[in-house]
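Colleague: Model the structure of this input:
(one chain, ligands or ions: 2)
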Amino acid sequence: MTKPHAQDGRPRSIRITEVGPRDGLQNESRFLPTKSKVAFIDALAATGVDEIEAGAFVSPKAVPQMSDSDEVFRQMRRAKSVVYSALVPNERGLERALAAGAQKVAVFTAASETFTRKNIDATIAESLHRFEPVVARAQAAGVPVRGYISTVAFCPYQGRIRADQVVSVLRRLIDLGVEEVALGETIGRAAPPDIRRLLDAVLAHLDQDRLAFHCHDTYGLGVANSLIAWQEYGLTLFDASAGGLGGCPYAPGASGNVATEDLVYAFKASGAVVDVDEARVVEAARAVAQELGRPLASRLSQVLDQPGGPRGSA
Ligand code: HMG
Ligand code: MG
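Modeller: Ligands and ions are numbered 1, 2, ... in the order given. The predicted structure follows:
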């Protein structure tokens, strides 16, 4: 186990990948206009997050909400401090991502056969085969690749997933040459013992500096699980969605990701170094939530302006 401190005893910095513009919006039935998506991304870029997953170059029939990712990438301002990434399911997606100037791309598969079939219409083996030219061409273009593994603890169709099923996909992604692997706790059901079992198995095969943790928050355990991944296993790469927006169209009932502002607050309160302004994250999410006509799921958005809250008078 690696403790979350560098050799000089200082806490290692947490890097946040803001997935709200992709994972947060992909499941919304009301189409958020391109200019609003761009405004959301630009507002998030000013919060201090390290990376923004700004869209998905997937089939517009599969996920209509992401059909304007090409235009979103063209219109957004690009902050120098931020890496702008996108999902790509195949070579066609990669071509679109490269043309749009994505600085990093993510291929995505799962540890569950049924989820993979429903999500990307392939077996796990077929999906990995499909990724071979995608990874090779991205890297030839100087664009690093993340490999997502969804359903790392539970699948909405197959139930509990064993850690060795995750490890087998992880090893194939490493063999393909991805720079980073993201563990997707897709339905937000895992509890700390599940996360420990998973990370004990996975970290025998991949350095924690190349492992990102992507929690959904259906059962409200996303913050607890992320803190365990940091404090007990030394992970420093975390995904989160502003306002807790989101969900996966192929994981019915699953809520959005752990809210960025809640995760940042929890990390800071636990002594981590995180250069993200959680109040600005709430502001960015509020604008989108108002336009979508839905409340924010995050705790911090509810307490921020209350008496006794971080900005309210006591
Ligand atoms: P398919 O139907 O097997 O593929 O879909 P196809 O090659 O037969 O293509 C079907 C149609 O899509 C064709 O159009 C293609 O041209 C078009 P038609 O001829 O019927 O008019 N097409 C494309 N169009 C634009 N860009 C492309 C593209 N590819 C094909 N890249 C496919 C297979 C993978 C393409 C499809 O199933 C798909 O796009 N799926 C995406 C699903 C998705 O985005 N899911 C949500 C993201 S994953 C997630 O949320 C989990 C994660 O957050 C981690 C976690 O939480 O666990 C990452
Ligand atoms: Mg997700």
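Colleague: Around residue 209, count how many other residues there are.
Modeller: For residue 209, the number of neighbouring residues by other Cβ atoms under 10 Å comes to 13. C-beta: built from backbone N, CA, C; applies to glycine.
Colleague: Restrict stretch 291-299 to CA atoms and write it as CSV.
Modeller: Coordinates of each C-alpha in stretch 291-299 appear next as CSV, following Å, rounded to 0.1, in the frame of the first residue of the first chain:
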residue,chain,number,x,y,z
GLU,A,291,-31.2,25.5,-17.9
LEU,A,292,-32.0,21.8,-17.6
GLY,A,293,-34.7,22.6,-15.0
ARG,A,294,-33.3,20.2,-12.4
PRO,A,295,-31.8,20.5,-8.9
LEU,A,296,-28.2,19.9,-8.1
ALA,A,297,-27.4,16.6,-6.4
SER,A,298,-24.4,17.9,-4.5
ARG,A,299,-24.2,18.4,-0.7
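Colleague: And the helices in this protein, which stretches?
Modeller: Per DSSP state H, the chain carries helices over the ranges 34-45, 69-75, 91-100, 113-120, 124-140, 163-176, 192-202, 222-231, 260-269, 278-292, 299-303.
Colleague: What separation do you get for the closest residue to residue 50 other than its chain neighbours and ligand 1?
Modeller: Excluding the flanking residues, the one nearest residue 50 by Cβ to Cβ, 6 or more residues apart in numbering is residue 15, at 4.4 Å. Per Cβ to the nearest ligand atom, to the nearest Å, residue 15 is found 17 Å from ligand 1.
Colleague: surely residue 15 meets residue 240?
Modeller: No: Residue 15 is beyond contact range of residue 240, at 11.0 Å (criterion: Cβ atoms under 8 Å).
Colleague: For those two, indicate the residue with more neighbours.
Modeller: More neighbours surround residue 240 than the other of residue 15 and residue 240, with 33 against 18 (other Cβ under 10 Å).
Colleague: And that one, how close does it get to ligand 1?
Modeller: 12 Å.
Colleague: Could you check the pLDDT of the residue nearest to residue 50?
Modeller: For residue 15, the pLDDT comes out at 98.
Colleague: Check residue 128 too.
Modeller: 98.
Colleague: Spell out which residues of the chain are next to ligand 1.
Modeller: Those residues of the chain that sit near ligand 1, judged by Cβ under 6 Å from any ligand atom, are 23, 26, 56-63, 87, 89-90, 92-93, 96, 108, 119-121, 148, 150, 184, 186, 214, 216, 248, 250.
Colleague: just the buried members of these?
Modeller: 23, 26, 56-59, 62-63, 87, 89-90, 93, 96, 108, 119-120, 148, 150, 184, 186, 214, 216, 248, 250 (16 or more other Cβ atoms under 10 Å).
Colleague: Which residue is the nearest non-sequential neighbour of the residue in the stretch 151-300 of the chain positioned nearest to ligand 1?
Modeller: Residue of the stretch 151-300 of the chain nearest ligand 1, by Cβ to the nearest ligand atom: residue 184 (2.2 Å). The shortest distance from residue 184 to any residue other than its chain neighbours is 4.0 Å, reached at residue 150 (Cβ to Cβ, 6+ apart).
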